[in-house]
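> fold the stuff below for me.
(chains A and B)
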Number of protein chains: 2
Amino acid sequence: MDSERRSENGVLPLSDVTVVDLTQVVAGPFATMGLGDLGAEVIKIEAVGRGDRSRSIQPKPAYFDTVNRNKYSVAIDLKSDAGREAARRLVADADVFIESTKPGRAAAFGLDYDAVAELNPGIIYCSISGFGRNSPYEDLPAWDMLIQGMSGIMSITGEEGGEPLWSGLPSGDLIAGSYASQSVLAALYARERGDIDGEWIEVPMFDAAVTWLTARAGYTFGYGEPFPRLGTHHPSIVPFGKYDCSDSSIVIAAGTPDFWRGFCRALDRPDLLEDGRFATMDDRVRNRGELDDVIEPVLKSRPSDYWIDRLHEEGVPAGPIYDTRTVWEDEHVKRRGLHQVMEREDREDADVIDQPVHFAELDTRLEIAPQRLGESTDAVLRRHGYSADELARLREAGVIE
Amino acid sequence: MDSERRSENGVLPLSDVTVVDLTQVVAGPFATMGLGDLGAEVIKIEAVGRGDRSRSIQPKPAYFDTVNRNKYSVAIDLKSDAGREAARRLVADADVFIESTKPGRAAAFGLDYDAVAELNPGIIYCSISGFGRNSPYEDLPAWDMLIQGMSGIMSITGEEGGEPLWSGLPSGDLIAGSYASQSVLAALYARERGDIDGEWIEVPMFDAAVTWLTARAGYTFGYGEPFPRLGTHHPSIVPFGKYDCSDSSIVIAAGTPDFWRGFCRALDRPDLLEDGRFATMDDRVRNRGELDDVIEPVLKSRPSDYWIDRLHEEGVPAGPIYDTRTVWEDEHVKRRGLHQVMEREDREDADVIDQPVHFAELDTRLEIAPQRLGESTDAVLRRHGYSADELARLREAGVIE
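Next comes the predicted model:
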């Protein structure tokens, strides 16, 4: 927890903010985890008995743990009148409510925007959904893979001449989660300035993913053609991409004349600088095959560590291709303390990835380890006016857990 | 500009915020574009003669245009004393300064954090870099592909049994850009509340990308093994992934018992529901090959439109695989007005992708079309105290453009 970069006596920017979180799986939980890291009190409402659906996704509980630290788990049966009343008390006192329930579900729980705003006119209410209201797909359940397919992300991922592939990241979920936290922060700022009383925000996953096409869409806007799948090549930079060394593969991005000169020095092949076939970037792109024939055997003759050191000495962007196990052994990643272990008294500790951003004055935190289902039900509901007797009765009736 | 979803008389949340932007290519520009969409005045400082490096990336100017609307382009030679003085005047009046220059470059321009904070103690100063200070890779230029390789994103993208691939999105850039805008918003909020005077934020691209591993890292935390490449399959859900129809491919995500029943109805194969080989999800995962042998010929017998309609009628998540050209023809995308054209008087109009988030009270905007290099140099510098004569002299001396 004491990674070198944490500022001393930092202020948590959202220490005065309470978030009620009715989301599950990845998109919503990623957003509310980020707000919790910034200091918000996050009250995660989960279904009695089952909890967040990702609690049952393997490997348990590691899958769930990666996006659910800094939250108080409160298990409530929202299908019961008494459960809905408990949820109403929580949102009545909150600054932010984030939900990702199916269309119509929030209203059935009495937690639609109008109902919540009547209880709490200052609420910032954020809905994350697949497509949002008034969409031809409004009722269609959104899965990350569907969003990747429909947004164009799959179409630009894959081998040259091959089939569309997923991005390995759950991009559809994480992009939506990022827009949700960003939008909530913008609304908190506007509310603090007195520009709004409360706010209702909709984040459609599909639309969010489409906006990330950015320069890939620019290719189509400029040329009229779909952006092609390129494997690990670059259409206009050589040498660039994945190269095999004697032990494993590395990535190299020699995208400037300086990098090209450094690359030739690193390979101890200054003769390539005099070779007319490779004189300019245009030449190297045109004669990529011939250049690959020259450099591939050289790179394959030594291990990746050797080449990365040599390329770095010459200032050329190059690095290893880590997987989700080796990345944590990287010297930089270790120095930053990106992989942290949060202790839990009653069961195995939780592996988490810390926030990447460094603030000089403000701070982020890793404080509350991912909780068991309902671990904070009593503590949170008591703070919202329930007596021990009432809680015992609700528990007995299966309304809370 | 008048997409149906824009609120009427909305307040732009950042209408009182001025951002000075010394970033280029994708990561920084994506962040400052988002702040501009939320209403901030963004003053984009570019090098005289050359401008943002992405102005020369093909297709021109479409590549640049996709991440540079809502900014005033001011071309200044920061290698000259007079140019540095002009930049100092701009940051002295700003709320936010975002830069992504190489290590040491901002200091050479007199625009390092200490220098800027001395001019303007309230500044929120945000640096986007590959690795940040005190990294073993501090001096290494960061390219999106390098970040994808080192962060593990490449390792989890690719065909089953195949080689690591890029994600088609410039994920390394866009993730860092998202963290930058989110962190700046958190700091603006804290400053508005009086918790801080100013702030210094560092966003390292590598660290940012690593945090997006989330549940993919959870796989390793739980099993000790690297998350595998899976093509478009899912390790524990069947039917799931890409399926060929008679004309093109679609994605299907039948991840629940309800969806499985709907899937069988859509294919008019209720017999599969009685087939013991496919009774439970575990059965379907175990007998995936046999199930594929049954359903692939059925799906290939009709076009994708037919199957998508049928699957939607049965409530099964399914959809087309759009590319960066066909996505704009989707009925939802058209209804949302995600693809917008911003008019430019003096040259071809700019194609842009609008913000995905809907606010009820607040608003976002598409107001300033992507500008020519230096299009607002005079207008902005005059607002910061330069006379027409001074500007003429500076232009003649090559200090501004």
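> okay, CA-based contacts and neighbour counts for the rest of this
Will do.
> ok, now how distant is A:Arg133 from A:Val327?
40 Å (CA to CA, to the nearest Å).
> the two: which is more packed in?
Shown here are A:Arg133 and A:Val327; by other CA atoms under 10 Å in any protein chain shown, A:Val327 has more neighbours (22 against 13).
> in this structure the more buried one contacts A:Val333, no?
Yes: using CA atoms under 8 Å, A:Val327 and A:Val333 qualify as a contacting pair, with a distance of 7.2 Å.
> longest helix of chain A, counting residues only.
The single longest helix within chain A, with elements called by DSSP state H, is helix A:171-192.
> does chain B have contacts with that helix?
Yes: remark: helix A:171-192 sits within contact range of chain B at A:174, A:178-179, A:181-183, A:185-190, A:192, by CA under 8 Å from any CA of the partner chain.
> now that helix: mean pLDDT?
Within the predicted structure, the mean pLDDT of helix A:171-192 is 98.
> may I see the buried residues of it?
Using 16 or more other CA atoms under 10 Å in any protein chain shown as the test for burial, helix A:171-192 gives A:171-191.
> and for stretch A:84-94?
Going by neighbour count (16+ other CA under 10 Å), the buried part of stretch A:84-94 is A:84, A:86-94.
> kindly report the same for stretch A:195-205.
Taking 16+ other CA under 10 Å as the neighbour-count basis, stretch A:195-205 is seen to contain the buried residues A:195-205.
> chain B next: which of the residues you listed are close?
Here is what survives when the buried residues of stretch A:195-205 are matched to chain B using CA under 8 Å from any CA: A:195-196, A:199-204.
> contacting residues for A:Ala217?
A:Ala217 makes contacts with A:227, B:66, B:324-325, as judged by CA atoms under 8 Å, 6 or more residues apart in numbering or on different chains.
> by neighbours, which of the residues you listed wins?
Top of the contacts of A:Ala217 by neighbour count (other CA under 10 Å): B:Thr66, with 28 neighbours.
> how near is it to chain A?
Distance of B:Thr66 to chain A, given as CA to the nearest CA, to the nearest Å: 5 Å.
> just the pLDDT at that residue, thanks.
B:Thr66 is assigned a pLDDT of 98 by the prediction.
> same question, A:His233
So A:His233 comes in at 83 (pLDDT).
> check A:Arg393 too.
Looking at A:Arg393, its pLDDT reads 98.
> so which helix or strand takes in it?
In this structure, A:Arg393 sits in helix A:388-396 according to DSSP states H and E.
> likewise for A:Glu202?
strand A:199-204.
> the next helix or strand after that strand: which residues count as buried?
Helices and strands here follow DSSP H and E; after strand A:199-204, the next one along the chain is helix A:205-211. When neighbours are counted by 16+ other CA under 10 Å, the buried residues of helix A:205-211 are found to be A:205-211.
> and these, which two are furthest apart?
Comparing all pairs in those by CA to CA, the longest separation belongs to A:Met205 and A:Thr211, at 10.2 Å.
> closest to A:Gly104 among the ones next to chain B among the buried residues of stretch A:195-205?
Using CA to CA, A:Glu202 is the member of those that sits closest to A:Gly104, with 14.4 Å.
> residues contacting that closest one?
Per CA under 8 Å, 6+ apart, neighbours of A:Glu202: A:126-129, A:132, B:357-359.
> is it possible to get JSON lines of the residues you listed that adds secondary structure?
Shown next, in JSON lines, are those (DSSP: H, G, I helix; E, B strand; the rest coil):
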{"residue": "A:Cys126", "secondary structure": "strand"}
{"residue": "A:Ser127", "secondary structure": "strand"}
{"residue": "A:Ile128", "secondary structure": "strand"}
{"residue": "A:Ser129", "secondary structure": "strand"}
{"residue": "A:Gly132", "secondary structure": "coil"}
{"residue": "B:Val357", "secondary structure": "coil"}
{"residue": "B:His358", "secondary structure": "strand"}
{"residue": "B:Phe359", "secondary structure": "strand"}
